[in-house]
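**Student:** coordinates only, no sequence provided:
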């Protein structure tokens with residue numbers, strides 16, 4: 001999952017992470033799922049070709065209830081990720097590319113916040 005907002009896409013460090021994810025995608029059979037947290041022109045970005053969540057790429061922040069948006073994300077992930085990955089040729093693990101919360105702005109990252117401060 002790549003959590004998207006204008007702030008995230010504007011960060012130089014984020015672009016390096018996206019480069020890494022795209023490079024590793026082929027090697028490790030990664031499923032890339034952009035999650036649109038706040039309004040952003042993500043379709044024109046390098047990850048614009050991937051299916052985004054919540055449905056129709058509607059930003060989480062624009063839903064009446066953020067809980068409904070996040071539930072939609074979970075349901076979308078359940079549809080995208082096979083229940084038994086090993087039966088579909090995917091290894092039974094989640095790829096971690098070495099990012100920490102500090103790598104993406106820490107727990108108070110402004111790009112992740114929904115609604116008013």
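**Tutor:** Yes, it's here. Remember, it's a predicted structure, so these values are computed and weren't measured experimentally. Numbers count the residues shown, from 1 in each chain.

**Student:** mind giving me the packing neighbours of the lowest-mean-pLDDT helix or strand in the chain?
**Tutor:** Least confident helix or strand of the chain, by mean pLDDT, DSSP states H and E, is helix 12-28 with a mean of 85. Helices and strands touching helix 12-28, by 3 or more CB pairs under 8 Å, 6 or more residues apart in numbering; DSSP states H and E, are strand 2-4. For the C-beta atoms, the positions are set from N, CA and C on the backbone; glycine is no exception.

**Student:** which residues of this protein fall in strands?
**Tutor:** Here the chain has its strands, by DSSP state E, at 2-4, 34-36.

**Student:** which one of those lies nearest to residue 22?
**Tutor:** strand 2-4 (10.1 Å; CB to CB).

**Student:** show me what counts as buried in the least confident helix or strand of the chain.
**Tutor:** 14, 17-18, 21 (16 or more other CB atoms under 10 Å).

**Student:** ditto for stretch 70-83
**Tutor:** Per 16+ other CB under 10 Å, stretch 70-83 contains these buried residues: 70, 72-73, 76.
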